[in-house]
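Peer 1: have a look; sequence and predicted model below, questions after that.
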Amino acid sequence: MKQFQFNYESEDNLISMLKRIRQWCNSSVISNILFQIYSETMNRNLLQSITGMIEKEMPDALYMGCSTNGNILFGDKSSSPVTIVCTVYEYPSTKLKLLQFALDEERAKPVAEALNRFVRSNPWVKSIMTFTTMRGMSMTDYCEYLGMIPKEVVFCGGGAFSGDINDNAAVVFSSEGTISDHAAVFLLSGGEDYYVRAMHVTGWKPLGRYLSVTKARGPILYELDGKPAYETYSRYLNIKNDENFFTNTLEFPFLYELNGLDILRAPISSNEDGSLVMTADIAENIYARIAYGDPWTILDSVYNAAVQFQDFVPETFTVFSCAGRRTFWGDREIGHETQPFQSLAPTSGFYTSGEFLRNGNYVNQHNVTLVVEAQREGDVGGKAVPQVEMDARRFSGKVSMINRLATFIQAATEELEEANSRLEILAISDGLTGLYNRSEIQNRITECTRTGEYRSAHGKHRLGTSLIMMDIDDFKSVNDNYGHNEGDNVLKGLSKMLKKTVEEHIPDASIGRWGGEEFMVLLPETDVERAAQLAELFRVNFSTIAFPSAGHRTMSLGVTEMLAGEDADLACMRVDDALYEAKRSGKNRVVVAEP
């Protein structure tokens, strides 16, 4: 695999470069030639002129291209508005195929289906790379449809953009289609001697507590924790809703888990109602955290990613980097995060409006992310493993100030969340036994009457939820004869047995201490017959426990099933009456109260 990278300077210069490439190809054994054209300008006359010269000078070559927010050449931001990358494939077994489809939300599924059909009928395909227009289009369903493509096929790519980050216009084109502002181009590559590997890099790290997305629609994030989303940025970060909003929030995008991956979403702007316009769709009922980015942390992540490519021994890299990262770094510094890949192999690509990468069964749309694909022809064999080169001074063991502060905030947040979690558990737990306290078990019983699924039985509507209430027989004598410590041992022994038995038979049950030596068990999706069997098991298991001083003890139990529409207190009174009847009729037994 041989690659030529160059800036477009003039027609004469391009023709000269094409002749040089053609001359090299004529003296070598080649199988395919691919041109990738990246352009910050959407001047169609210029793009048609460039593709026309390629068609004339190298009629057998394929080409694909798109408009961009900037171009990457030799691992750095190119100063030229148009760059051209020519990859020459040398192995006869390597195959390439270009496809171009019109694309909008209505065509999303048919496009994915057509792509899937081609891949499944051509098992040589190992990689799909896409350039696609996407501005103004929700990509959520489209990514879901793309998931039907066999998961062993690497899928990556980028959204076409404009040189002006505030402009939604974008175009793609190829040797298989015309210049279009609503289309997707796909490069399918593979063959027995073709190898590919891809990964994504963010470098932004989570900061602070989780925030619940309580209201969102498409790319509009309305509420976090029930409050206008903008308040999070104004209150915690003092970011104003002004002309610098996007630049400032790029340092603090949202991070959340999607399909097993950490995904970043950055706010573009804030509306008058306090909602935020995000770089892509964000779902409701998820938990997100603000992430922070500082150059030190990002470069550390990039370096570690590049190291993972070393043993692959790549011959070329294609990089899809979010335009937001370019804004974050600035043009003078942006090359720092792509140069490590260039130290391994020729690296090119562009700054995108969104990045795509397959993860298992899912194709995800990323933002503020670096997606990198490495290609190689032939086995690694005896090839020397390249080493990543990077300015060692950036990794001298020092830690940036923002990293230190973020670590401090994160540790403090985790400690606070752990403390709050303990307090929440204490608020609903019985201090001695660790079971639910009376208030919590009563709340759960009440909740069952509101949410339970009704079923008919014996002419009455039952909930299919039962209660077991139990009381230790002659418990006062334990305290009187052996002391309260032994009494506590008996209560804890019963609690331990109840938890173990419930875990083995009905894990969804809730167990609570009703008061003193009385306990209540709530059994969802359990009829009275099954509950009575479990109550008998409780009785027998408890009687087999030998306490140090109190010896073997017994208990009495009442059982009932809850009725649809009845007050929870009535069900509790009924099971209490059944327990009283068990006591009155001799103790150490189970009495069932039919509803």
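Peer 2: Here it is on my side, so go on. Being a predicted model, the structure only gives us computed values, none of them experimental.

Peer 1: relative to E152, how far out is the nearest residue to P314 once chain neighbours are set aside?
Peer 2: Leaving aside its chain neighbours, P314 sits nearest to A374 (3.7 Å; criterion: C-beta to C-beta, 6 or more residues apart in numbering). C-beta here means a position set from N, CA and C on the backbone, and glycine is covered the same way. Distance, A374 to E152, using C-beta to C-beta, to the nearest Å: 17 Å.

Peer 1: of those two, which one has the most company?
Peer 2: A374 (24 against 9; other C-beta atoms under 10 Å).

Peer 1: and the strands in the stretch 351-500 of the chain, which stretches?
Peer 2: 355-359, 362-366, 370-377, 455-457, 460-472 (DSSP state E, counting those that start in this stretch).

Peer 1: which one of these lies closest to S16?
Peer 2: strand 370-377 (26.6 Å; C-beta to C-beta).

Peer 1: and the closest one, how far out from the chain's middle?
Peer 2: 22 Å (C-alpha atoms, centre = their mean, to the nearest Å).

Peer 1: dump that strand to CSV, keeping only the CA atoms.
Peer 2: Extracted in CSV, the C-alpha atoms of strand 370-377 (Å, rounded to 0.1, in the frame of the first residue of the first chain):
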residue,chain,number,x,y,z
LEU,A,370,-11.5,11.3,17.3
VAL,A,371,-12.3,8.2,15.2
VAL,A,372,-9.2,6.5,13.7
GLU,A,373,-9.1,3.7,11.2
ALA,A,374,-5.8,1.9,10.4
GLN,A,375,-5.3,-0.1,7.1
ARG,A,376,-2.7,-2.5,6.0
GLU,A,377,-2.1,-5.0,3.2
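
Peer 1: residue contacts, P206?
Peer 2: Shown in contact with P206 (C-beta atoms under 8 Å, 6 or more residues apart in numbering): L255, D262, R289, I290, A291, Q410.

Peer 1: can you list the residue ranges for helices in the stretch 101-250 of the chain?
Peer 2: Taking DSSP state H, counting those that start in this stretch to define them, one finds helices in the stretch 101-250 of the chain at 108-121, 140-146, 230-236, 245-249.

Peer 1: and the ones you listed: which comes nearest A345?
Peer 2: Once the helices of the stretch 101-250 of the chain are compared by C-beta to C-beta, helix 108-121 is nearest, at 26.1 Å.

Peer 1: ok, now how distant is the residue nearest to P228 when sequence neighbours are not counted from D242?
Peer 2: In this structure, P228 finds its nearest non-sequential neighbour in G274, 2.6 Å apart by C-beta to C-beta, 6+ apart. According to C-beta to C-beta, G274 and D242 sit 15 Å apart.

Peer 1: which sections of the stretch 351-500 of the chain are below the confidence cut-off?
Peer 2: Counting by pLDDT under 70, the ranges of the stretch 351-500 of the chain that qualify are 392-413, 415, 450-463.

Peer 1: next one: the chain
Peer 2: Checking the chain against pLDDT under 70 turns up 392-413, 415, 450-463.

Peer 1: grab the most central residue of it for me.
Peer 2: Within the chain, the residue whose C-alpha comes closest to the C-alpha centroid is L258; the distance, by C-alpha atoms, centre = their mean, is 2.0 Å.

Peer 1: wait, it sits on N364?
Peer 2: Yes - in this structure, L258 is within contact of N364 by C-beta atoms under 8 Å, at 6.2 Å.

Peer 1: before we move on, the earlier item: for the contacts of P206, which one is nearest I441?
Peer 2: For the contacts of P206, the nearest to I441 is R289 (33.8 Å; C-beta to C-beta).

Peer 1: list the contacts of that closest one.
Peer 2: P206, L207, G208, R209, Y210, L211, F254, L255, Y256.

Peer 1: can I assume it sits in a helix?
Peer 2: No - in this structure, R289 is strand, not part of a helix, as judged by DSSP: H, G, I helix; E, B strand; the rest coil.

Peer 1: distance check, the nearest residue to it once chain neighbours are set aside against Y292.
Peer 2: Spatial nearest neighbour of R289, excluding adjacent residues (C-beta to C-beta, 6+ apart): P206 at 4.4 Å. Using C-beta to C-beta, we find P206 at a distance of 8 Å from Y292.

Peer 1: what do you get for I506?
Peer 2: Separation of I506 from Y292 (C-beta to C-beta): 46 Å.

Peer 1: ok, the two, which is more surrounded?
Peer 2: Y292 (22 against 19).

Peer 1: go ahead and confirm the more buried one touches W204.
Peer 2: Yes - the pair Y292 / W204 is scored as a contact, 6.5 Å apart, by C-beta under 8 Å.

Peer 1: ok, back up a step: with distance to A582 added, can I get the contacts of R289 in JSON lines?
Peer 2: As requested, the contacts of R289 are exported to JSON lines (distance: C-beta to C-beta, whole Å):
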{"residue": "P206", "distance to A582": "54"}
{"residue": "L207", "distance to A582": "57"}
{"residue": "G208", "distance to A582": "54"}
{"residue": "R209", "distance to A582": "49"}
{"residue": "Y210", "distance to A582": "47"}
{"residue": "L211", "distance to A582": "51"}
{"residue": "F254", "distance to A582": "57"}
{"residue": "L255", "distance to A582": "56"}
{"residue": "Y256", "distance to A582": "53"}
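
Peer 1: phi, psi for the residue lying closest to G335 once chain neighbours are set aside please.
Peer 2: Using C-beta to C-beta, 6+ apart and skipping residues adjacent in sequence, the residue nearest G335 is D76, 3.7 Å away. D76 has phi and psi values of phi -140, psi 160 when expressed as degrees, to the nearest 10.

Peer 1: before we move on, what about S585?
Peer 2: Residue torsions, per degrees, to the nearest 10, at S585 are phi -90, psi 10.

Peer 1: with the one 5 residues further on instead?
Peer 2: In this entry, V590 is assigned phi and psi values of phi -110, psi 130 (degrees, to the nearest 10).

Peer 1: now Q100, what's its secondary structure?
Peer 2: strand.

Peer 1: roughly how far does it sit from M139?
Peer 2: 18 Å.

Peer 1: could I get the contacting residues of the nearest residue to S93 once chain neighbours are set aside?
Peer 2: Excluding its sequence neighbours, the residue lying closest to S93 (C-beta to C-beta, 6+ apart) is G191, at 4.2 Å. Residues in contact with G191 (C-beta under 8 Å, 6+ apart) are Y91, S93, T94, K95, W124, K126.

Peer 1: next: N168.
Peer 2: Listed by C-beta under 8 Å, 6+ apart, the contact set of N168 reads R135, G136, S162.

Peer 1: again, only this time at 10 Å
Peer 2: T133, M134, R135, G136, M137, F161, S162, D181, S353 (C-beta atoms under 10 Å, 6 or more residues apart in numbering).

Peer 1: and D281, by the same measure?
Peer 2: By C-beta under 10 Å, 6+ apart, D281 lies in contact with 138-141, 143, 216-221, 265, 365.

Peer 1: G274 and D242 - which one has more neighbours?
Peer 2: G274 (17 against 8).

Peer 1: tell me which element that one is part of?
Peer 2: Under the assignment given by DSSP states H and E, G274 is not contained in any helix or strand.

Peer 1: measure it to A288 for me?
Peer 2: 16 Å.

Peer 1: one more: G70?
Peer 2: 28 Å.

Peer 1: swap in R235?
Peer 2: On the measure of C-beta to C-beta, R235 and A288 end up 16 Å apart.
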